[in-house]
Structures are given as C-alpha cells and as structure tokens.
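Participant: A predicted structure for the sequence below; I have some questions about it.
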Amino acid sequence: MQRATAEKTALELLVHGVGGATPEKMLGDPRTVRVTGDDTAAMYRRTDDADAERHPDQYRDKPVPEAYVWSGLTSGNGVRALWLFLLPFMVANLAHWMRPSARGHAATIRVYGVLVRLLGLTLTVLLVAAACEVALDLTAWQCAGTPSCAEDRSWLGFLAPGESGGGWWSQPGRRLALAALVPALLTGLLWYLSHRTWNVYESVEPYPHQEDADDEPHRSALSRPGFWYGRRFVARLRAAHTAAGLLTVAAAIATAAARHDREAGGPAFLDAAGRVLEGVLIAGGATVVYVLCRRGRKEHRIDAHLDRMVVTVLPLASLGVLVLSLVYAGWDRPGWVSSGRLPGDQTFGGIALVQGLLVVGLAVVAYLLYRSDPLASTALHGLGGPCVAMLACALGSVMSGGVAQRVGDWLDRGATPGDTGAPLPGPPALLSWQAAVLPLLLVVVVLLALILGVRTLRRRHLERARVERDYGGEQPEDPRTRKIAGARANAALTDSAPLLIGAVAGITLLLGTGALAGAWTTGDVPGVAAAGAPGFVRGAAETAQALGSWLIGFGFILFVTWGRRAYRDASARRTIGILWDVGTFWPRAAHPFGPPCYAERAVPDLTWRMATWTQANEGRLILSGHSQGSVLAAAAAWQLSPSVRKGVGLLTYGSPLERLYGRWFPAHFGPAALTALHREVDCWRNLYRPTDPIGGPIGLEGACGPAVDHPALKDPLAYGRTQAHPLPAPILGHSDYQADPAFAAEREALLGRLRPGAQALGAVPSQPGPDSEGSQGSSGRSSG
C-alpha cells in the first residue's frame with residue numbers, strides 16, 4: 001500500500017515573478033499546452049506531460065512541471081498603460097497595508113484604516129478639483145471671459161461675450177455649467193473603470209474553506225476566507241468616491257454662482273436657492289464621509305452581500321445635486337462678468353491642509369501600534385505607511401499642478417504665473433508655491449543619492465575581501481573581483497530604501513507646509529510675493545518659481561510620454577507591468593479607483609488548482625515561486641485547508657517575502673506570520689544570492705522543521721574558467737535560479753520528504769548536501 005501511494009504522480013507548480021514570463025521559457029520547451037485557464041492567466045504544461053497523471057510510472061523519479069502564467073493580469077493590452085495615471089491611488093492603497101504589527105488594539109487598527117481611507121478620498125477630490133481648475137477656472141472663467149485670450153481660439157468663440165455678441169452661453173454661470181461636463185465625465189470614467197475591473201477581479205470567488213479553529217494572533221490575515229474577496233467593500237468605496245467627485249464638481253459651480261448672488265443683491269430666490277444648495281452639498285459631503293468610515297473590510301468570511309442602497313442611491317443622489325447645480329448656475333444673471341480667479345486657492349489649500357493633518361494623525365496612530373509590538377525588522381519604526389501616504393499626496397499634487405500649470409501656460413502663451421503682462425491670472429498661487437519647492441526637494445534627493453553612493457563604494461570595498469574568501473583557491477583577478485563585489489554592493493541598495501523614502505517623505509511634508517503657509521499669507525506666487533524683499537531673496541524666489549514650473553511641466557510631459565509609449569510598445573508596457581506587479585498585489589482597501597488587485601484572481605487560481613489536483617490525484621505537490629511569485633505562492637498556501645497545506649512543499653527563490661514584504665508589511669508578513677507558514681506546510685526551503693537586489697533570506701530556523709534558508713548561493717557559479725565553465729560564468733542576480741545545482745537538489749529533497757514515511761527520516765537537511773556544496777556563498781546580508 002505504501003508503494004502504491006509513493007508511485008503517485010508528483011506536481012511542481014511553478015509561479016513566475018515580476019516582469020512576466022512565457023510558458024515556453026518557464027517549462028524549457030517550445031511545445032506547451034494550456035491545461036486550464038484563459039488568455040489572461042492560465043496553467044500550462046509541456047505537450048508531452050499533458051496526461052502525465054495517466055502514466056505515473058514515467059514520473060516516478062521526477063515531478064510534472066506545470067507553469068502558472070499570470071503576467072496578463074498586469075501587463076496585458078495597451079489600455080493598461082493608462083493605469084499609470086492612477087499611480088497616486090495605488091500608492092495610497094499600499095499605505096493601508098503597511099500598518100505595523102500590533103497585539104490587540106483593535107480600535108486603534110480601525111482608526112488607522114479610517115484615516116487612510118479619508119486620505120484616499122482627498123486624492124479623488126484633488127483630481128476632480130484639478131479637472132475643475134482646468135475646465136471651469138482657466139478655460140471657461142478666465143480665458144473665455146478675457147477677449148485677448150478668446151479671440152484667437154475659435155473653439156471658445158461661442159462662450160466669449162465679445163466673440164459671440166453676448167450669446168446665450170456667454171454668461172459666466174452657463175459657461176461654468178457647460179465646462180462642468182469635463183470633470184463630471186472624468187468622474188464617470190473613473191467609476192466605469194473601477195466597476196469594470198471590479199466585475200473581473202473583486203468578483204472572483206476564492207476557494208471555499210473554513211477559517212482555522214485555532215485562529216491564533218500570529219496567523220496572517222491572508223489565511224482568512226474573505227481576504228481575497230473585496231466585492232462588497234470596494235463597491236461601497238466606489239460609491240463614496242464617485243459621489244465625492246460629483247459633489248466636488250457641483251460645489252465648484254454652485255459656490256461661484258452663490259458668491260455672485262450674495263454680492264450682487266440680485267433676486268432673493270436665487271440667493272436663497274444658493275444657500276440651500278450649499279447646505280445640501282455640506283450634507284452630501286458629510287454622508288460620503290460617514291459611508292467611508294462606517295464599515296471596513298470583512299475578511300473572516302466570504303461576504304457576497306451588496307449594500308444596494310449605498311451603491312446605487314448615493315451616486316445617483318450626488319448626480320441629482322450636480323444637475324440642480326447646473327440649473328442654478330445657468331439661471332439668467334444679466335450683468336455678471338467673470339474676473340480674477342475662482343476660489344481655487346481656498347480649495348487646493350484646504351485639500352493640502354487636510355492631507356497634511358491626516359498624514360500626521362496616521363503617523364501618531366502607526367507609532368502607537370508599533371510600540372505595542374516593536375519588531376526590529378519593521379521599516380521606519382512603523383512609519384512606513386504614513387511616509388508612503390505622504391508620497392501619494394505629493395504625487396497627486398504634482399500631477400494636478402502639472403496639468404493646471406501646463407494648460408495655464410498654453411492659454412497664456414507661455415507667460416510666467418504672476419506676470420503683469422499675462423492676459424490671465426493663471427492657476428491658484430498655491431500650485432506655483434508647490435512647484436517652487438520642487439528644486440529644494442530635488443537637492444535633497446541628490447544629497448541622499450550621494451550618501452548612498454558613498455556607502456555603496458565602501459560596501460564594495462568590503463565585499464572584495466568576502467568575494468576572495470568565498471572563491472578561495474581561485475587565482476584572484478582584480479577586474480573579476482571588482483565586478484562581483486560591485487554587484488553585491490548594488491544589490492544591497494534595496495535595504496537603504498527606508499532611509500530614502502523616510503527622508504523624502506519628511507522633507508516633502510515640511511516643504512508642503514511651507515508652500516501652504518506662503519500661499520495663504522501672501523496670496524501671490526513666490527516671485528511676486530518676494531518683490532519687496534532683498535535682491536538675493538527675490539532672485540531665489542523667482543528662480544525657484546521658474547525652475548519649479550519647468551520641472552513640473554517636464555515631469556508631466558515625461559509622464560504622458562511614458563504612458564503613450566507604453567500604450568504602443570509591449571516591452572515598455574512590461575516595464576510598467578513590473579510596477580503593477582509590486583504595487584497591485586494588495587486588495588483595494590483605501591481607494592477604489594486604483595489599479596485592480598491581480599492577486600484576487602491569481603491567489604484563487606492557485607488555490608483552486610492545488611486543492612482540486614490533490615483531491616483528484618492524492619499526489620505530492622511542490623509549490624515553486626520565484627520573486628513576486630513566491631509571495632503569491634505563500635498567499636495561496638495560506639488559503640488552503642490545513643490538511644492540504646500540510647502536504648505541500650514550498651520552494652521559494654529570489655523571494656522578497658522577508659526582505660521587502662516582511663519589513664514594509666509586518667502585520668501580514670512579519671516573523672510570526674512567516675513562522676506559522678513554516679510550521680503549517682510540510683517543508684519550506686528558500687534560495688537567495690547576495691547579488692540579488694530583490695530576494696533575500698527568510699531568517700527562520702528549524703524549530704518547526706528544517707531551517708528555511710539554504711546558505712547564500714554563489715553568483716557567479718564559477719570565479720574563473722573551469723572544466724565545467726570554460727567561458728566566464730555570468731552574474732545572474734535575480735534571474736535564472738534554476739541554473740544553480742542547488743535548485744534541483746532542494747527540489748529533489750522536498751520530493752523525498754513528501755514521500756510517505758520520509759518525514760521521519762529527515763529527507764530535507766537544514767544544511768546543503770554534497771550536491772549543492774559548490775553553490776554555497778556568503779550567508780549573511782547586511783540590513784543596510
């Protein structure tokens with residue numbers, strides 16, 4: 001009976017990493033066949049292995065390789081290049097999952113989630129406000145109302161009082177009502193994209209399983225049945241953000257008309273209608289905030305219920321308020337003339353102030369959580385989430401300011417904001433102040449880069465001695481040693497990311513506060529505000545303003561060019577796909593308009609495949625993940641039932657599970673969660689190289705089975721020319737782990753352990769066997 005069981009077919013399920021891979025490359029065979037799946041993500045086998053389960057005798061000593069190709073989820077058709085413009089939303093979503101590990105403190109954890117969701121809401125309002133600034137203020141209010149701007153633009157003729165001879169559309173309120181269609185359509189487009197991806201990703205039902213009865217605090221939330229099913233929660237978020245966008249457009253129109261009605265002494269009913277409408281807008285905003293804060297994610301069960309009232313009524317009611325605002329603004333107001341700017345400084349200043357307060361509050365809450373469970377490996381002492389949230393706000397401000405300033409320059413024919421000869425007042429002064437601090441931020445980034453460069457040079461010098469020690473017995477060659485040491489030193493730069501992100505986020509917060517204070521206290525752009533200052537101060541202000549305007553314009557053009565190139569070029573699209581591979585692993589928990597979470601499709605795919613295959617074949621299964629694929633593999637293993645999970649061997653290589661995810665997402669990939677995974681699978685082995693900038697050791701010892709980490713692999717495999725390597729061996733870094741003999745040895749050891757009775761024999765040693773001694777290198781890695 002044991003012999004029959006031992007002869008069951010073994011399956012090696014391969015999961016590729018960032019950047020994607022083809023099934024032919026993963027399987028090492030040009031002839032492949034799709035076993036299950038679709039054009040977006042599927043399982044593939046070699047053609048010769050398609051019916052391997054029917055011939056177990058042919059696979060007694062080797063597993064059947066099966067490749068899961070999921071690159072279509074992040075870098076498929078050209079439209080996905082447009083996800084680049086949703087980058088601030090994606091970064092804000094990352095901040096939600098970066099909360100520190102905490103013991104207890106459920107209420108504080110809820111507060112953390114609420115603060116991140118509110119910050120995500122401000123990003124939606126900021127984006128729509130920027131669209132309102134371009135369409136309503138710069139175009140319909142300023143340019144159409146200024147003869148020198150409108151006379152050379154025939155497409156604005158019917159809106160300009162002079163060009164149209166006082167036509168029906170020439171009144172400011174009607175111009176604003178017509179221009180409001182642009183931000184309203186933008187909001188509708190975001191709703192459509194979110195709804196479309198919601199039907200594809202959030203609606204994929206996970207493999208049904210019960211949560212472990214002994215759900216101890218150390219187990220990761222990724223093991224919960226409803227973790228990868230955010231259908232209900234994202235629908236609520238989408239409704240709230242759509243309503244917020246529509247209300248922002250309504251507020252931009254209604255407040256301009258209401259301000260005129262209060263000042264002009266016009267008909268009393270218009271004044272009363274304006275006040276009532278402003279009250280409705282305040283009530284609508286309060287409702288959106290309530291819906292956003294009322295309920296968080298439910299992960300302990302698969303929640304297929306939808307809040308129909310919120311999902312349907314809230315956006316439609318907001319649309320109704322927008323229609324009322326359009327009617328109110330379009331009412332006949334003879335004698336109303338547009339002049340100056342719409343109240344954009346107050347709007348953008350209020351958004352910036354709220355975002356700053358939310359980031360500070362988030363930092364306080366994150367630090368309190370970190371103090372309850374102070375893991376030494378946690379990035380930035382638990383402040384990673386607030387720092388990333390600050391960067392999301394900065395990205396949103398740069399993109400919004402870049403659009404407004406480029407359009408303003410185009411309408412002004414390149415005049416500098418604040419120039420007395422310019423026909424238009426231009427964008428709000430705050431946007432110029434925010435652009436003016438960019439050169440200072442760039443100086444800080446350059447200084448940090450210099451510091452990291454010096455540290456890298458020092459580490460390269462230290463690594464040279466380690467290289468000579470690792471390749472003892474070889475005749476040293478200075479160029480070869482220098483090249484290997486440089487690869488190791490450059491790979492260690494990843495561990496300096498907390499320094500860079502923390503410093504940039506902190507400086508950004510300080511500079512943003514200064515920009516807000518300067519705009520509110522002076523009311524002018526930096527160059528004009530410093531007109532009466534000493535020559536050096538005035539020159540510095542004018543230089544910073546001009547250089548900042550150029551930088552923000554250049555950045556915006558570069559951003560658009562990159563997105564356009566990615567839309568047309570598949571290779572560029574794959575590069576952007578790497579960004580999405582890392583950034584969209586997590587479910588949309590803070591912003592519904594961000595790029596969708598591919599893991600909500602990939603993890604159920606892997607779980608269903610493993611569970612159904614083991615039920616049908618009762619064979620051995622090795623889950624083999626490279627790079628980001630190792631993260632998907634771990635997430636899928638957590639979703640298995642305990643009995644199936646215990647029969648799985650996990651092989652990871654080039655894995656960021658501890659080096660990146662464990663440090664930046666400690667609540668879900670911290671030491672306790674990874675230790676639980678180590679204990680719950682049959683065996684887990686991890687391969688890494690000191691030249692790998694992404695993968696690293698897991699750092700778990702053998703308390704609940706063999707130690708996870710194989711000693712660091714040598715890279716290159718041979719220092720000089722040898723009988724086995726007559727040509728110089730390449731430095732592989734993060735790629736091609738299968739080329740190392742240790743990979744095959746570890747896979748064979750895992751298969752041996754999974755055989756009945758082999759566990760008692762200790763088939764997987766905690767140290768490499770004779771077959772893998774040649775691949776052993778420096779086992780340590782500095783945390784940088």
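Facilitator: Perfect, thanks for sending it. Residues are numbered from 1 along each chain as shown.

Participant: Show me where the stretch 251-400 of the chain has its helices.
Facilitator: 268-294, 308, 314-329, 344-372, 384-411 (DSSP state H, counting those that start in this stretch).

Participant: make that the stretch 1-150 of the chain, sorry
Facilitator: Going by DSSP H, counting those that start in this stretch, the stretch 1-150 of the chain shows helices at 2-6, 23-27, 87-97, 106-132, 147-150.

Participant: Those helices: which one's closest to residue 275?
Facilitator: helix 106-132 (21.3 Å; Cβ to Cβ). Quick note: C-beta positions are derived from backbone N, CA and C, even for glycine.

Participant: so how far is the closest one off the chain centroid?
Facilitator: Helix 106-132 sits 15 Å away from the centroid of its parent chain (Cα atoms, centre = their mean, to the nearest Å).

Participant: From residue 140, how far off is residue 261?
Facilitator: Residue 261 sits 18 Å away from residue 140, taking Cβ to Cβ, to the nearest Å as the criterion.

Participant: more neighbours, the two?
Facilitator: When neighbours are counted by other Cβ atoms under 10 Å, residue 140 comes out ahead of the other of residue 261 and residue 140, with 27 against 24.

Participant: My guess is the more buried one contacts residue 176. True?
Facilitator: Yes: between residue 140 and residue 176 there is a contact at 5.5 Å, judged by Cβ atoms under 8 Å.

Participant: how much space between the residue nearest to the spatial centre of the chain and residue 508?
Facilitator: Averaging the C-alpha coordinates of the chain gives a centre point, and the residue nearest to it by Cα atoms, centre = their mean is residue 583 (3.1 Å). Residue 583 sits 19 Å away from residue 508, going by Cβ to Cβ.

Participant: Mean pLDDT and mean neighbour count for the helices of the stretch 251-400 of the chain - can I get that in JSON lines?
Facilitator: JSON lines is the format used below for the helices of the stretch 251-400 of the chain (pLDDT from 0 to 100; neighbours: other Cβ atoms under 10 Å):
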{"stretch": "helix 268-294", "mean pLDDT": "93", "mean neighbour count": "16"}
{"stretch": "helix 308", "mean pLDDT": "86", "mean neighbour count": "9"}
{"stretch": "helix 314-329", "mean pLDDT": "96", "mean neighbour count": "20"}
{"stretch": "helix 344-372", "mean pLDDT": "93", "mean neighbour count": "20"}
{"stretch": "helix 384-411", "mean pLDDT": "91", "mean neighbour count": "24"}
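
Participant: a markdown table please, covering those helices and showing distance to residue 544.
Facilitator: Formatted as a markdown table, the helices of the stretch 251-400 of the chain follow (distance: least, Cβ to Cβ, whole Å):
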| stretch | distance to residue 544 |
| --- | --- |
| helix 268-294 | 35 |
| helix 308 | 52 |
| helix 314-329 | 37 |
| helix 344-372 | 18 |
| helix 384-411 | 14 |
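
Participant: can you tell which of those is closest to residue 188?
Facilitator: helix 314-329 (9.1 Å).

Participant: Can you name the residues in contact with that closest one?
Facilitator: The set of residues that contact helix 314-329 without belonging to it, under Cβ atoms under 8 Å, 6 or more residues apart in numbering, is 173-174, 176-177, 180, 184, 191, 239-240, 242-244, 246-247, 249-251, 253-254, 256-257, 270, 273-274, 277, 280-281, 284, 287-288, 291.

Participant: For that helix, C-alpha coordinates in PDB please.
Facilitator: Output in PDB follows, covering the C-alpha atoms of helix 314-329 (Å, rounded to 0.1, in the frame of the first residue of the first chain):
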ATOM      1  CA  LEU A 314     -25.500  57.700  -3.100                       C
ATOM      2  CA  PRO A 315     -24.000  58.200  -6.600                       C
ATOM      3  CA  LEU A 316     -27.500  58.900  -8.100                       C
ATOM      4  CA  ALA A 317     -28.300  61.400  -5.400                       C
ATOM      5  CA  SER A 318     -25.000  63.200  -5.900                       C
ATOM      6  CA  LEU A 319     -25.700  63.300  -9.700                       C
ATOM      7  CA  GLY A 320     -29.000  64.900  -8.900                       C
ATOM      8  CA  VAL A 321     -27.300  67.500  -6.800                       C
ATOM      9  CA  LEU A 322     -25.000  68.200  -9.700                       C
ATOM     10  CA  VAL A 323     -27.900  68.600 -12.100                       C
ATOM     11  CA  LEU A 324     -29.500  71.100  -9.700                       C
ATOM     12  CA  SER A 325     -26.200  73.000  -9.500                       C
ATOM     13  CA  LEU A 326     -26.100  73.200 -13.300                       C
ATOM     14  CA  VAL A 327     -29.600  74.600 -13.400                       C
ATOM     15  CA  TYR A 328     -28.900  77.000 -10.700                       C
ATOM     16  CA  ALA A 329     -25.700  78.300 -12.300                       C
END
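
Participant: All set now, cheers.
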